[in-house]
Structure formats: C-alpha cells, structure tokens
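>>> coords please:
(2 chains)
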Amino acid sequence: MSSIALDSVGLRFADGTRGLDNIDLTIADGEFVALVGPSGSGKTTLLRTIAGFIAPTNGGIRIGGELVAGDKTFVQPEHRRLGMVFQQHAIWPHWDVAGNVGYSLRLAKQPRQARAARVAEVLELVGLAGMEKRNPSTLSGGQRQRVALARALAASPRALLLDEALSALDEPLRARLRLELRTLTRAMGLTVVHVTHDRDEALALADRVVVLDHGRIQQVGTPEQLVTEPGQPFVARFLSDATVIPGKVADRRFTAADHVLRLTRDQIDGSHVDGSGSIAILPGNIRLHPAAGTGPHGIVVSSLFGREGSDVVVTWDGIDFRCLVPGRRPAVGEKFSIEIAHALYYPDDTTRSSEGPSAELSVSPRAEESETIAKEPMQKRAR
Amino acid sequence: MRGRAPSRKQFLFPASTTKGDRSRWDGISWLRVAAWLFCASVIATPLSAIAFQAFSGNHLPLLLQGDVLEAGLNSLVSAGLSATGAVLIGMALALLLDRTDLPGARILRIFMLTPLLVPPFVGAIAWLGIAGPAGPVNRFWSDIFGAPLWNIYGGDGVVFLLTVHSYPIAYLIIGAALRRVPSDLEQLARIGGAGAWTAVRHVTIPLMKPALLSAFTLTLVSNLADFGIPSIIGLPERYVTLSTLVYRYIQSGTVDAPLEVVSTIGLLLLVLAAIAVIADTLVSRRKLELDGGTTITVPLRLGRAKPAIALTTWTTGLALTALPIFALTTQALLPAPGVPLTWENLTLDSFRRALGSPSTATGAINSIVLSVGAGIICAIVGLTIGTLITRLRSRDNAILSGIALLPQAIPGLVLAVGWLIIAPQLGLFNTPWLILCAYVMAFLAMVVQSVNAPLRSTPLALEEAARLAGASRARALFDISWRLAAPAAITGGVLVMLTAVRELTISVLLVAPGTQTIGVLIFNLQQAGAYNAASALSLIITVIGLAGLGLTARGIRA
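The predicted model follows:
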C-alpha cells in the first residue's frame, strides 16, 4: 500500500472548460478517503486522473513517492499498479470468474499454479470461495461487484480506487457491502479513494472526506469536522442541507438581505467582523412554534417522514427553510413561526475567488485569517 | 456512424492533445496505419480511378445521347418506383407482422423474408417460369381469352421484380425502427384519447420517418445498378438500364474508349448515390432521442377486418415467396420449357447436365474460393476498423469509418468499373484476384456494421479495468473488445461469404476466361437458352444459401 500525493493538479479540457482546479491533496498510506460533490463537481474526473485515464494539464501526482504524472512524465494506467472497481462492475463477460480475477496475474506472467492460488485466496477474501468456474452472467449484482473487488485486489495494488462502486446496488445489499468493504480495507490496510454521490456513505466509510465543487476542493476533513464545522456555506448546504441566507453583520447583529430575519450575536457562531456575509442554518437548529396571531410566520410546503424527525420545508418571507422536526409531523399548509437556535456565519471573502481554496486537511480555512473567531460557540452548539 | 453518445467523449482514453502522449506510438498506431493503407488501396484507389478516367476525356455529350439518356432514365424510374414500392410494402409488413394480432405472423415473417436469400437474377429466372410469355399463367389465359394476362418481360416486370427483391431489406430496417419506438409513447397517446390506429398514425409512423428514408435510400442505391433483373427481364423487350448498357459497352466495342465512357456513367451513378446518402444523413441528423421502452407492446386488434386482412396478406405473401421457388423447382425438373407438368415428364436431366459440365465445377470452385476469401478478409479487416473507430478516440475516426462504409452506398457496377480500370496496372487483369478485391471492397461495410453494434454497447470500463490490471492499450483492446466482438465479425464474415457466392453484377463485369463464378455461369446458361439447366443450378444455390443462413442464424442464437 502506498500514499497518493496530488500537487496543484489542474485539468483543462480541450474545449476550454476546467475539469480540475489546483487540487492539493495528500492521502496517507492506508487511509480511506471519500470524494463527494454534486454531479459535475469533478470527483470522477479526479479519480480518473489518479488512475491515469486522464492526463492533468498541470501539477504532479505521486503514488508511493513515485512521480506518475508531471511536467515531463506520464505513466500509463497499466503501469501504475492500482486496482479499480467501477459502478457497473465491468466484469468481462467472455471469461469465467477466475479468468476475470486472474487477468492481471496472467499479464504479469505469473505461473499458472501461483495464479490459481492467489485467485482462490482473493475470492475467499471477498466471500466468493470456490466460485472460480462460474460464468459471470449467472452471478447476482452483489456477487459481480465482489468479483470486481477481487479482480481489483488480485495483483496487490498500491491503492484501490472505487468509482461509485456501490451505487448500482439495491439498498439492503449496499449497506451490507459497505460494511464488508470497511472491514476488509481496514484489515488489509488498503489505501482507498472512494468516489460517491451518497453523502451518508462517504461520511460512514471514510477516514477523511473531500468535498469538491466546480473542480475545486471546498473542504477536506474528518466526517465529524465536516458535519459540525462546515468550512463554507456550500459544504453546509451540500452535506447537511443547511439553509444559506446572505446578509451583513453590523452593530453586533446579523441582518438578512431582502428578508425579515435578524439574529443577535448569541445566535451566530463564527467571525463577527462587521461586513457582508452569509449564514448557514443546519436543519436541526431550527425550532418551529405554532404561529400565534399575526406575527411573522412561515408555511409548511413539504413534510417528509424520517427516522430522526420529519424533514420539513417551511417557506418564510420567500426563503425555504429546511428543518428537522422531531415528534409530531407537521402537515403541509400549517403555519409556524421560526426560531433559529444557532447559525454559522461566513463573512464574504474577496480573496477566495481569485486565489482558489486552500485545500490542506484543515478545518475552516478562514480560521487562520480571522482572530476574532469565537471558539466557544462551537461547543455550545452541541445538542 | 450515427448515434455516438457525446457524453462518452471526455471519458475516452486520453486524447492525443495532452502531454505525455508524445511517446504514444504503440501497437494501436501501427494498426491504424495499416487500416488506412488498406482502405486507401482497396476503396479509395478504384474510386479515384473512375473519377480520373471520367475526366480524362470529355464524354458528357455522349451522356446526353439517346442510348445513355434513355438508359439513365429507365434506371432512375425503375429504381425510384421499386424503392417506393419496397418501402410501402416494408412498412405495411412491419405494422402487420410486428404490431397486430395477424394469425400466423411468425411463420409469414419467415416466408416474407425469403426473397432476401434468393439472388435477384435467380428470382428473375424463377418468375419467368410463372409470368413469362410461355409460363403456365399466360398460356392458360391465352387459351381462354386469346391474349396473355401479363407478360413479365419489359419495364413493368423489372420494377415488379426489383420491388420483390428489395422489400425484405426495407422491412428489416423499418421493423427494427418500429421495435425501437417505445410502446409507452403510443400508450400515452391512447390515454390522451387517440384510438389504436390513430395512435399509430400520429405517434409511431412519424417517429419511423428516418427509418423509412434510410430504407428508401438503401433500396434505391442497390436497385439503381442491379444487373441480373434488367438483363434477364428488361433486355428481351429492349428495356435498357445503365447497368445493362455498361455491360454491353464493355463486352462489345460499340463505342470508342469504352472505359472512359463507362467511367463517366459510373461517376454519374456515384453522384446520384452520393446525393441520396447525403439527403439521408442530413435528415437523420435531426435524430429523435428515444428512450428504451420498458412497457410490453400490446398487439393492435384487427377486429372485424381480421379474416379479410389475413387472407389477403397470406395469399400475397405466398404468391410472392413460395410460388417462385415452386416454379423454379418445376423448371429444374422439366426437360424443356413448355413441357406440361406431369409425373412422367419429371426428370433430373437438367441437374445432371448442369452439374456434369466441367465449367460448373470450375465456377463452383471459383465462387467458393473467392467468397470464402472475401469473407475471411472482410471479417478480419472489418473487426480491426470497427474496433479502431468505436473504441478509440482519434480525429480521423469519422473519415476512416466513412471510407469503410462508403462502398455500401455505391452501386456494385461502379465498383466493378473502378477495378476494371486499375486492373492492368496492378497486373490483376484476367485473374480471379480482381474479383476478390472487388468483393472485399463491396462487402467490407457489412462486417464493419455488424461489429459496430456490439463494440459500441461494450462499456468502456471493461477496457479500463484491463488497463489497470496491467494491459497496454493494444492488449486491452485485443483481450476485451476484440474478443467480445469476434462472434459478430464471424457472423458478418459468413454473411459476406453467402452474399459473394451468389453475386452477379460485379462478377459479370470482371469475369475472365477460367475465372467465371457460379452466378456468371447461371447467367450465361440463361442467356444461351438453357433455361432448365439454369433453373436447376439456381435451385441448388438457393437451397445452399437458405441452409447456410439458417445455420448462421442458429449460430447467432446459440
């Protein structure tokens, strides 16, 4: 197993669009990293760049210290010694299970016996012991994905790349494979890069999660960090369905632009410098109270049942607030007044747009820039 | 060439624009160079030779001269009328056989496709036995009414036979398109208040328009230069088409510089074909995206008209398909034309005579060697070109694919003329290899097209997985895509073989002493008046063709 280091990797497609923008990321030996982001954010592009199917236009990539992509070098995918599992499993239909799993060993000119032994070993690892002679078309979806995993692992790759590897599977099976994947990769000490559009999967599996948008890294952190201290309004909205409202801070209070919402200092975490910025309100930090009389109130426009509480959208003065409501499930059309328990404040950063995000494995990058950041509200917010 | 998924583009192997690719001169590049050389020599050279010959002297006045003008008009009219008829029959068949509760549709479909397996000139010989001036129908009619019912000789007969031999292709194209129209769309129209047939008229048929046009273009181009039918059916009534005219010019020195004149005619045909293909491409460019239908198609009910429609369809179907084969069989078993069909008169003499002649043996061997050779070459080259153009991104893909598929849109007559021009320079004149070259040129597109479908639908991830497993670009291509498309290439190769073994138009122009093929042999027997021997040989190769295709079809399913 090896580390993977990306050094200001950029990619510009032939038509001029940016695929990746200044990606700095170091994945430690044995680390499980998940790449998440909305569709078109560049997460698959980044994975395929690591795999060697796309050559970056600038920057360098090192796998286990060896430069595989740089100014003068480009190592072809077949020489990178990586394993990869694709969303649609990509099992070669003209070979049996052993033929699929043992292909990389055959290419490496391993003797037949050693090959058979290794194939049996890997198949046992993924729970398919004795399935060597099976025709792929007789396998179930889950079994095929296991074959794909065994195939990726057969030649002892330096790192395992998963491209939406579990996304094509049905839910109960997916959860089981997720669990098995976690156990297996931990036991083997595998370096894993896992691309997924499933936020919960990324948070559940990974040591660290990388949030991408528009080809840039928006934030890197442990799942806990990303959920409790999203570094940007975008991350809060993408990972936690936060409601983001622009406005400005002045006289120790936040005034929303074009909205009646006002928040006092106690309600806001984060930097308190006067100026314009945005607040992000996590669904769990909104309380709904039955509207009394003619005071300011919102109307429930959607209410979906969930295990931890109802997923409710309340429209208040033109803005949709996404709330997590425990207990009784509000009905559509009901009127509520909205109380914000806490909001995260993000001052507008003029330098950010030109410089690009700093993508170290930091918490919110702004923390270093602003000394007035309030440290204590972070703990206060814990429920 | 069509229907390339644009979304796949950026995920194909790294383009040659990115750095690090300078060293990318690998096995694939050699393969591409080889494919280009092959296409240049076997396809581009004969075609440019035609253009060169045509422009080397000004023969345009000759084109406006009586003979050529009349032949051109006849070609255009007969091809246009027969293509229209074929498309109409094809559409009616597609709707009736694939969308209604017509009784016995499955069996009738097999019957209706048989003309596809019978070479057009064999069809002409067979139909002569039914509706020829001395055929049973006309003799019976003459006995009662004093005049024959319908003499198949002449322009109307040519149009009729061209239609009979091109509607199966039209039906296959239209039927495939019909199956791609999701029945959800039709059912939505029903929910919206349309009756069953209204839904078909308003939703299904408009969606099939590109297929109707493709079917029309394809049948038009192939009918434009068919040789067998106009020469057997048209010439006795002095109904001359371009192909029979070219044959006459080349066989007998009726004009000065016959090759130049013929090239001019060829170029004209080429331009006509090009116009048809361009029109087709332009129309199908405005392609409608159709999602795969998931709903099960509910057959339309014919209702009260069912018995009448069933009777008409079955009668017409059997008359068009079973009758000629029956006629061919009786002719083959009778000693001479006009002998009444009774048990005592039946004889195997015609077979004995046809098979016993030494020229039959030569013809059979020539045909088998040439068609097997063409099948093998086309399968290998077609698979290579198909793989290159579908699995790898390169700027020259569109052109390479265009050149490989081009001969399909060019009348076989033109291809033959092209080879005739360059043969002396290549030292191929009067050798069977000339025919082989022309066969490969004419039928390569069959394999390219049959491998394109499986190659396009193979997910790219299959090759990428092989790359990551340590296979080079060429190795991944060979181990995965190539292997997966091999069955389709073999099927395509067998199709080439079965088509080439019964070919007439190209062979008849390129034939030399000792290189005659079975098709030419039958044609010559027919021309020499040995109708029954010609019928016997025709019957044999028809049966062999049917059996061969039946086996191939079974092989595909297994």
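
>>> Quick one: name the residues of the stretch 1-150 of chain A near chain B.
A:13-14, A:19, A:48, A:51-55, A:57, A:69, A:71, A:73-74, A:76-84, A:86-88, A:90, A:92-94, A:103-104, A:107-108, A:148 (C-beta under 8 Å from any C-beta of the partner chain). Backbone N, C-alpha and C define where each C-beta goes, glycine included.

>>> how does chain B divide into domains?
Taking automatic domain parsing as the reference, chain B has its domains at B:26-50+B:348-558, B:57-288+B:307-338.

>>> Just the pLDDT at residue 108, thanks.
Just so you know, I chose chain A. With respect to pLDDT, A:Ala108 scores 89.

>>> wait, I meant chain B there
On the pLDDT scale, B:Leu108 gets 89.

>>> check which helix or strand covers residue 93.
All of this refers to chain A. Counting by DSSP states H and E, no helix or strand carries A:Pro93.

>>> wrong chain, I was asking about chain B
Element membership for B:Leu93, per DSSP H and E: helix B:66-99.

>>> Can you give me the buried ones in whichever strand or helix holds B:Thr362?
B:Thr362 belongs to helix B:358-391 when assigned by DSSP H and E. The neighbour-count check on helix B:358-391 (16 or more other C-beta atoms under 10 Å in any protein chain shown) flags B:360, B:362-364, B:366-367, B:370-375, B:377-379, B:381-391 as buried.

>>> quick check, it touching chain A?
No - on the criterion C-beta under 8 Å from any C-beta, helix B:358-391 is out of touch with chain A, staying 13.6 Å away.

>>> quick one, the helix or strand that that helix is followed by and helix B:358-391 angle?
Moving toward the C-terminus from helix B:358-391, the next helix or strand (DSSP H and E) is helix B:397-405. With axes from the mean of the first three to the mean of the last three C-alpha atoms, to 10 degrees defining the directions, helix B:397-405 sits at 170 degrees from helix B:358-391.

>>> Which of the domains of chain B has the lowest mean pLDDT?
Least confident of the domains of chain B, judged by mean pLDDT, is domain B:57-288+B:307-338 with a mean of 83.

>>> Which other helices and strands does the helix holding B:Leu93 contact?
helix B:60-63, helix B:105-113, helix B:155-180, helix B:209-224, helix B:242-251, helix B:258-285 (3 or more C-beta pairs under 8 Å, 6 or more residues apart in numbering or on different chains; DSSP states H and E).

>>> need those helices in CSV with mean neighbour count and distance to A:Ser337, can you?
Converted to CSV, those look like this (neighbours: other C-beta atoms under 10 Å in any protein chain shown; distance: least, C-beta to C-beta, whole Å):
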stretch, mean neighbour count, distance to A:Ser337
helix B:60-63, 13, 90
helix B:105-113, 16, 68
helix B:155-180, 23, 56
helix B:209-224, 23, 59
helix B:242-251, 22, 87
helix B:258-285, 19, 58
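
>>> Identify the residue nearest the residue minimising distance to the centre of chain B in space, chain neighbours excluded?
Geometric centre of chain B, nearest residue: B:Ser222, 6.7 Å, by C-alpha atoms, centre = their mean. Nearest residue to B:Ser222 in three dimensions, chain neighbours excluded: B:Ser166, at 6.7 Å (C-beta to C-beta, 6 or more residues apart in numbering or on different chains).

>>> Touching, the one you found and B:Thr219? I think so.
Yes - under the criterion of C-beta atoms under 8 Å, B:Ser166 makes contact with B:Thr219 at 4.0 Å.

>>> Find the residues that touch each one of those two.
Taking C-beta atoms under 8 Å, 6 or more residues apart in numbering or on different chains as the contact rule, B:Ser166 and B:Thr219 both touch B:Ser82, B:Ala83, B:Ala86.

>>> Only the buried members of these: can you turn that into a ChimeraX selection?
In ChimeraX syntax, the buried subset of those is picked out as below (16+ other C-beta under 10 Å):
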select /B:82,83,86
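
>>> of the shared contacts of B:Ser166 and B:Thr219, closest to chain A?
Taking C-beta to the nearest C-beta as the measure, chain A sits nearest to B:Ala86 out of these, at 37.5 Å.

>>> can you tell me how far that closest one sits from A:Val220?
65 Å (C-beta to C-beta, to the nearest Å).

>>> you'd agree A:Ser276 is in a helix?
No - using DSSP: H, G, I helix; E, B strand; the rest coil, the assignment for A:Ser276 is strand, not a helix.

>>> show me the residues around it that make contact.
By C-beta under 8 Å, 6+ apart, the contact list for A:Ser276 reads A:Pro246, A:Gly247, A:Lys248, A:Val249, A:Pro347, A:Asp348.

>>> try 7 Å this time
The contact partners of A:Ser276, by C-beta atoms under 7 Å, 6 or more residues apart in numbering or on different chains, come to A:Lys248, A:Asp348.

>>> show me the contacts for B:Val118.
By C-beta under 7 Å, 6+ apart, the residues touching B:Val118 are B:Thr542.

>>> repeat for the one 10 residues further on
Contacts of B:Leu128 were listed using C-beta under 7 Å, 6+ apart, and they are B:Gly135, B:Ile152.

>>> just to confirm, which helix or strand has the residue lying closest to A:Ser302 once chain neighbours are set aside in it?
The shortest distance from A:Ser302 to any non-neighbouring residue, by C-beta to C-beta, 6+ apart, is to A:Val313 (4.5 Å). Here A:Val313, judged by DSSP H and E, is contained in strand A:310-316.

>>> Show the subsequent helix or strand relative to that strand.
strand A:319-325.

>>> Contacts for that following strand, please.
With contact meaning C-beta under 7 Å, 6+ apart, strand A:319-325 is reached by A:241, A:243, A:245, A:259, A:283-284, A:286, A:288, A:298, A:308-314, A:338.

>>> picking up where we left off before, ok, the residue nearest to A:Ser302 - contacts?
So A:Val313 contacts A:Val301, A:Ser302, A:Asp320, A:Arg322 (C-beta under 7 Å, 6+ apart).
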